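3D, please:
(chains A and B)
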Amino acid sequence: MKAITANRLTDGRVIYRTADAEWSTDYNAAHALSDTEAETALAAAERDASIIVGPYLIELGETAPAGQKWRREGIRIDGPTSGTTRPSAPAHTRRAA
Amino acid sequence: MYRYDDYDATLVRERIGEFRDQIERRIDGRLSEDEFKPLRLMNGVYLQLHAYMLRVAIPYGTLNGAQVRTLGQIARQYDRGYGHFTTRQNIQFNWPALTDVPAILEQLADVEMHAIQTSGNCIRNTTADPFSGAAADELEDGRPWAEIIRQWSSLHPEFTFLPRKFKVAVNGAAEDRAGLRVHDIGLQIVRDAAGESGFEVWVGGGQGRTPRLAVLTRDFLAPRDLLSYLTAVLRVYNQHGRRDNIYKARIKILVEALGTEAFIAEVEEEFEAIRESELRLSEAEIARIRAFFATPVIDNPAPLPEAGEPGFRHWLKRNRRAHKVTGLSSVVISLKPIGGTPGDASADQLELIADLTTRYGLDEIRVTPEQNLVLPHVRNEGLHAVWLALKASGLATPNAGLATDIVSCPGMDYCSLATARSIPIAQAITERLEATGLSEAAGAVTIKVDGCINACGHHHVANIGVLGLDKRGEEYYQITLGGAFGTDAAIGSIVGKGLAGDDVPAAIARILETYLELRSDNETFIDTLRRTGADAFKEAIYVAH
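Just a heads-up that it's a prediction; the model follows:
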């Protein structure tokens, strides 16, 4: 399964495309798409250029991003894994089962 | 330090107005992202993993107290309470909203700062020795020349769309603390046989995926010819540099492709053609700029404090540097607390540092390529008060130049280009080396960590370099040995297969333990490594594998 992510134009925050074609900062609200649906949905998302920047597809696992970029996408969800703004309870920077 | 004239102030304010309009047009849809991206980059605004990042220019790493205070206010108001100092002597804010950037730029302009040319294929901020104007080993302050280069290169119409970014460094001391040989152009101030000062010119250095040390193109360039010669180099690069392949677009590739002799011949031909043009610097103009950088004069110089707490004595030993003026010292404010994020300073810390800069530092402070700060001019009788204040704010770590004075790029925790995390590795290394006492025992050694081959963290020129890479979705880290940043610049060599992140701190510890076993007398780490060769350390790195 796949989902669509981007950065919000006004502040750059990480956002996900929802089932009703809106955008949410909540990863859990991301619309899970089949491989065949994904490209069509991405083309539709790209038309939101006044709201978003750089939409692309990510691979979904059971509870966290999967595929080669799983860690990068996990960091985009939870925030930095270290440093000054490290979140207290990162949940998505462990590799999906 | 240099103060804006009307031209500078007007240019910066006009640029903010222009960028504010561009942001408005992007948000209301009149500009596409493809149209807007190069415009925001020209104003220092990147889009990273989580947010926009604003890189603010700190010309040749020099700030005054009011500027540092403003950086703290921006960190508190528009970021998440901190700023991140970089290896190129700039500061980055990791969390600003695009819509807030014009207001941030206005605050910066109020204290004569901006973010122009901190990105894009133009001439970037000129690097300088952070101890310029203060160092006991200095021949001449390099900052007037860096300021002349800043004025010449700002919004230079001919050099705004180069094949790739372009970085210049100036060093006026015996020891190269600016990294001349890993810059596109490095300028070393020297004296000729008649005692006249001028520049030794190095061209074609750089790091990234193709690390190269610059080659000497001129052993003496008269000061009046500085801008003519720089223009000649830039013109040859602009004309012949590759634009078809981003990985082969830097001047280092051109110098190598043409060959050093042919490259120099091209530059000399252009130089001769423009040498007597309006680019020639007059004595009056050089004197005008130099006047902004006068050597401090103090009354009643005091000796170094001889007493004090052990912690103070230790901090003086590690973080104080000799000053050219009797009665003054330079001190390194370490932004490398054990287990901390290299280069980060909180808003509270920035405001405290601003106060110290104004009160004890003759209103001047520097950013170093090692991601630390330097108070270049502290009266000796003020050293204890400075230490007490820094200590109370977690800024008195006595590790300047030691292994725990580690350099790290932001890595995958922030950067959209990164292939692996770097900050957690740096943190784990410092914790390990501090807990084992190896940092203090090993003395002078440089460790630098990168999260991708672009090498913003300068791992290529670290005595011990760590490069994070990705292999089928897992991070692994290559170790390099033998790199050096300064006068004895060298590119480190990969010692073998990569390690898992968890194994890196122990491997670094074993490298230092091996050094302590192999060293003779007062030999530094790099001297031992050069004497024995990297193979002597290889077994230590891979002992557990």
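
per-residue pLDDT, residue A:93?
In this model, residue A:93 is scored at 60, pLDDT.

correction: the previous question concerned residue A:85.
57.

got the residue ranges for the strands in the stretch 1-150 of chain B?
B:45-47, B:52-56, B:62-63, B:82-85, B:91-93, B:127-128 (DSSP state E, counting those that start in this stretch).

residues touching the last one, excluding its own?
Applying CB atoms under 8 Å, 6 or more residues apart in numbering or on different chains, the contact partners of strand B:127-128 are B:60-62, B:88-89, B:142-143, B:146, B:167-171, B:178-179, B:183, B:369. Every C-beta, even on glycine, is put in place using the N, C-alpha and C of the backbone.

returning to that earlier point: deepest in the core, which of the strands of the stretch 1-150 of chain B is it.
strand B:127-128 (a mean of 28; mean count of other CB atoms under 10 Å in any protein chain shown).

hey, which helix is longest across chain B?
helix B:6-27 (DSSP state H).

circling back: got the strands of the stretch 1-150 of chain B as CSV, with mean pLDDT columns?
Listed next are the strands of the stretch 1-150 of chain B as CSV, based on pLDDT from 0 to 100:
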stretch, mean pLDDT
strand B:45-47, 98
strand B:52-56, 98
strand B:62-63, 98
strand B:82-85, 97
strand B:91-93, 98
strand B:127-128, 98
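
can you lay out those as TSV showing distance to residue B:465?
As requested, the strands of the stretch 1-150 of chain B are arranged in TSV below (distance: least, CB to CB, whole Å):
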stretch	distance to residue B:465
strand B:45-47	24
strand B:52-56	23
strand B:62-63	28
strand B:82-85	20
strand B:91-93	22
strand B:127-128	19
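
distance between the longest helix of chain B and the chain's centre?
27 Å (CA atoms, centre = their mean, to the nearest Å).

mind giving me the packing neighbours of it?
helix B:33-42, helix B:101-110 (3 or more CB pairs under 8 Å, 6 or more residues apart in numbering or on different chains; DSSP states H and E).

only alpha carbons, please: show the first one as CSV.
What it means is helix B:33-42. C-alpha atoms of helix B:33-42 as CSV (Å, rounded to 0.1, in the frame of the first residue of the first chain):
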residue,chain,number,x,y,z
GLU,B,33,7.0,26.2,-7.1
ASP,B,34,9.3,25.7,-10.0
GLU,B,35,9.4,29.5,-10.5
PHE,B,36,9.6,30.2,-6.8
LYS,B,37,12.2,27.7,-5.6
PRO,B,38,15.3,29.5,-7.1
LEU,B,39,14.0,32.8,-5.7
ARG,B,40,13.7,31.4,-2.2
LEU,B,41,17.1,29.7,-2.4
MET,B,42,18.6,33.1,-3.4
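
one step back: nearest to chain A, of the helices and strands packed on helix B:6-27?
Among the helices and strands packed on helix B:6-27, the nearest to chain A by CB to the nearest CB is helix B:33-42 (5.5 Å).

quick one: mean pLDDT over the closest one.
On average, helix B:33-42 scores 96.

contact partners of it?
Against helix B:33-42 from outside (CB under 8 Å, 6+ apart): A:49, A:53-54, B:19, B:22-23, B:25-26, B:31, B:46, B:98, B:116-117, B:119-120, B:122.

what angle separates it from helix B:6-27?
Compare the direction of helix B:33-42 with that of helix B:6-27 by axes from the mean of the first three to the mean of the last three CA atoms, to 10 degrees and you get 150 degrees.

which of the residues in helix B:33-42 are buried?
Of the residues in helix B:33-42, B:36-37, B:39-42 count as buried by neighbour count, 16 or more other CB atoms under 10 Å in any protein chain shown.

and stretch B:213-222, by the same measure?
Buried residues in stretch B:213-222 (16+ other CB under 10 Å): B:213-215, B:217-218, B:221-222.

and what of stretch B:469-483?
For stretch B:469-483, burial by neighbour count (16+ other CB under 10 Å) applies to B:469-470, B:475-483.

residue in the stretch 201-350 of chain B nearest to chain A?
Residue nearest to chain A within the stretch 201-350 of chain B (CB to the nearest CB): residue B:341, separated by 4.1 Å.

what's the neighbour count on that residue?
25 (other CB atoms under 10 Å in any protein chain shown).

got the contact list for residue 75?
Using chain A. A:81, A:93, B:49, B:412-413, B:421 are the contacts of residue A:75 under CB under 8 Å, 6+ apart.

try chain B instead
Counting by CB under 8 Å, 6+ apart, the residues that residue B:75 touches are B:81-83, B:93, B:345-347, B:350.

average pLDDT for the lengthiest helix in chain A?
Counting residues, the longest helix found in chain A (DSSP H) is helix A:35-45. The pLDDT scores in helix A:35-45 average 96.

now the strands: where do they sit in chain A?
Ranges of strands within chain A are A:2-8, A:14-17, A:23-24, A:52-59, based on DSSP state E.

same list (those strands) but as TSV, adding mean neighbour count and distance to residue A:39.
Shown next, in TSV, are these (neighbours: other CB atoms under 10 Å in any protein chain shown; distance: least, CB to CB, whole Å):
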stretch	mean neighbour count	distance to residue A:39
strand A:2-8	22	9
strand A:14-17	23	13
strand A:23-24	17	19
strand A:52-59	18	8
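
before we move on, the earlier item: which of the buried residues of stretch B:469-483 are close to chain A?
B:470, B:475 (CB under 8 Å from any CB of the partner chain).

please name the nearest non-neighbouring residue to residue 68.
Just so you know, I chose chain A. Leaving aside its chain neighbours, residue A:68 sits nearest to residue B:473 (4.5 Å; criterion: CB to CB, 6 or more residues apart in numbering or on different chains).

let's do chain B instead
That would be residue B:354: by CB to CB, 6+ apart, it lies 4.0 Å from residue B:68.

neighbours of that neighbour, just the number please.
Residue B:354 has 24 neighbours, counted by other CB under 10 Å.

are we agreed that it is in a helix?
Yes. According to DSSP: H, G, I helix; E, B strand; the rest coil, residue B:354 belongs to a helix.

so it makes contact with residue B:72?
Yes. Using CB atoms under 8 Å, residue B:354 is in contact with residue B:72, at 6.4 Å.

could you check the pLDDT of residue A:89?
Looking at residue A:89, its pLDDT is 59.

with residue B:472 instead?
Residue B:472 is assigned a pLDDT of 89 by the prediction.

list the contacts of it.
Counting by CB under 8 Å, 6+ apart, residue B:472 touches residue A:68.

do you know how far it is from residue A:78?
Going from residue B:472 to residue A:78 by CB to CB, to the nearest Å gives 22 Å.

show me the contact partners of the longest helix of chain B.
With CB under 8 Å, 6+ apart, helix B:6-27 has contacts from A:9-10, A:50, B:4, B:31, B:33, B:35-36, B:39-40, B:43, B:98-99, B:101-102, B:105-106, B:109, B:112, B:114, B:116, B:154-155.

repeat for stretch B:418-427
Contacts for stretch B:418-427 (CB under 8 Å, 6+ apart): A:71, A:75, A:80-83, B:339-342, B:406-413, B:449-453, B:457, B:466, B:468-470, B:475-477, B:501, B:504-505.

spell out which parts of the stretch 401-545 of chain B neighbour chain A.
Where the stretch 401-545 of chain B comes near chain A, counting by CB under 8 Å from any CB, the residues are B:412-414, B:421, B:423-424, B:427, B:470, B:472-473, B:475.

where does pLDDT dip in the chain?
You didn't pick a chain, so chain A it is. Across chain A, the ranges flagged by pLDDT under 70 are A:83-97.

wait, I meant chain B there
Along chain B, segments meeting pLDDT under 70 span B:544-545.
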